[in-house]
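J.: all I have is the shape, not the residue letters:
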């Protein structure tokens, strides 16, 4: 596997279900991100992990719970979601270098989530 | 006001045409600027960075105007394969590192 992979690619769940999205990066990067892309809205940053420590939580509801067990893996645990949470959830990774203004982020293919 | 604003389009152009997209951003402290490309049902991928001096990559030219806070992308000699959504992205740097803020994207459709 190369790049950033995400599983599952598609997920349909009821509002009472609990599910998890998985992301794995094979690039040796030290930072990982969760984004949400809803129809007709810009990508929204949800969470940032740098060196396995959460450094950003962009006012995301508690029904979304991230987990970063190591620098290569990132999970998004979902519970009691709402229909408006239906969206494409994208994972990304980058190699953060101290002092650099920007380090390119590489995206996974996303998980398309439908909440019934 | 949206942080990064783009005309959603779609821009329908014939093959070979020249097409330009603009983008405005509201945060004057933004440090870096990019165009990403997103194909239908695929993930975004970096197309090119945008520098104040302007930069060119083949048929693509990007410009930045910091005073007016806008960014442009020019595509010359459009190809069918250029059909995609083009995302304007700006970054700001905080304790969490570099944060990307995306525009809503401009959809381009190149027709034969």
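T.: Looks like it arrived, so ask away. Computed from a predicted model, the values in this text were never measured in an experiment.
J.: phi and psi next, for the spatially most central residue of chain A.
T.: Nearest to the geometric centre of chain A sits residue A:34, at 2.6 Å (CA atoms, centre = their mean). Main-chain dihedrals, residue A:34, degrees, to the nearest 10: phi -110, psi 130.
J.: that one touches residue A:46, doesn't it?
T.: Yes - Residue A:34 lies in contact with residue A:46 (CB atoms under 8 Å); the separation is 4.3 Å. Heads up, the C-betas are built off the backbone N, CA and C, glycines and all.
J.: mean pLDDT per helix and strand in chain A: which one sits at the bottom?
T.: In chain A, no helix or strand scores lower on mean pLDDT, DSSP states H and E than strand A:53-57, which sits at a mean of 73.
J.: likewise chain B?
T.: strand B:97-102 (a mean of 77).
J.: what parts of chain A come near chain B?
T.: Neighbours of chain B within chain A, by CB under 8 Å from any CB of the partner chain: A:31, A:40-45, A:48, A:50, A:55-56, A:90, A:94, A:96, A:100-105, A:107-110.
J.: out of the residues you listed, which are buried?
T.: A:31, A:42-45, A:48, A:50, A:55-56, A:90, A:94, A:96, A:102-103, A:105, A:107-110 (16 or more other CB atoms under 10 Å in any protein chain shown).
J.: just to revisit the earlier point, list the contacts for the residue nearest to the centre of chain A?
T.: For residue A:34, the contact set (CB atoms under 8 Å, 6 or more residues apart in numbering or on different chains) comprises A:23, A:45, A:46, A:47, A:66, A:74, A:76, A:89, A:90, A:91.
J.: with pLDDT added, can I get the residues you listed in CSV?
T.: Listed next are those as CSV, based on pLDDT from 0 to 100:
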residue, pLDDT
A:23, 98
A:45, 90
A:46, 92
A:47, 91
A:66, 94
A:74, 96
A:76, 97
A:89, 97
A:90, 97
A:91, 97
